[in-house]
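Asker: Based on what follows, work out the 3D shape:
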Amino acid sequence: MSTIKELAETCGVSEQAIRKWCARNQVSKDIAKHYIIDRATETAILRHYGKDLCPNKIKLILGGKLGL
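Answerer: Now for the predicted structure:
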């Protein structure tokens, strides 16, 4: 799972843009009022900003399957 800061850097947008996306899409918050970004939410954010096929993620996915 990624933080809002990491997602913002990956997507090339501001942290505020990620927070606004979370608010618009009714992402749950924890007790401390921080958004809970699970794998499904992370994937949805990456897809929204067109970064769902990030090279590092592809390498992790393929590396695990191919034993690289």
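
Asker: Which of the three states applies to the residue nearest the centre of the chain?
Answerer: Compute the mean C-alpha point of the chain, and by Cα atoms, centre = their mean the closest residue is residue 42, 3.0 Å away. Here residue 42 is recorded as helix under DSSP: H, G, I helix; E, B strand; the rest coil.

Asker: so what's it closest to, chain neighbours aside?
Answerer: Distances taken as Cβ to Cβ, 6 or more residues apart in numbering place residue 2 nearest to residue 42, at 5.5 Å, with adjacent residues excluded. Any C-beta I mention is one placed from the backbone N, CA and C, and that applies to glycine too.

Asker: on that earlier part again, the residue nearest to the centre of the chain touches residue 7, doesn't it?
Answerer: Yes: in this structure, residue 42 is within contact of residue 7 by Cβ atoms under 8 Å, at 6.7 Å.

Asker: For the protein, give me the ranges with low pLDDT.
Answerer: By pLDDT under 70, the low-scoring segments of the chain are 52-68.

Asker: where exactly do the helices run in it?
Answerer: With DSSP state H as the criterion, the chain has helices at 4-11, 15-24, 39-48, 55-66.

Asker: how near is the residue nearest to residue 42 to residue 30?
Answerer: Applying Cβ to Cβ, to the nearest Å, the value for residue 2 to residue 30 is 16 Å.

Asker: Then residue 14?
Answerer: Here residue 14 is placed at a distance of 22 Å from residue 30 (Cβ to Cβ).

Asker: When those two are compared, which one has more neighbours?
Answerer: residue 14 (11 against 8; other Cβ atoms under 10 Å).

Asker: quick one: that one and residue 8 touch, right?
Answerer: Yes: counting by Cβ under 8 Å, residue 14 touches residue 8, with 5.9 Å between them.
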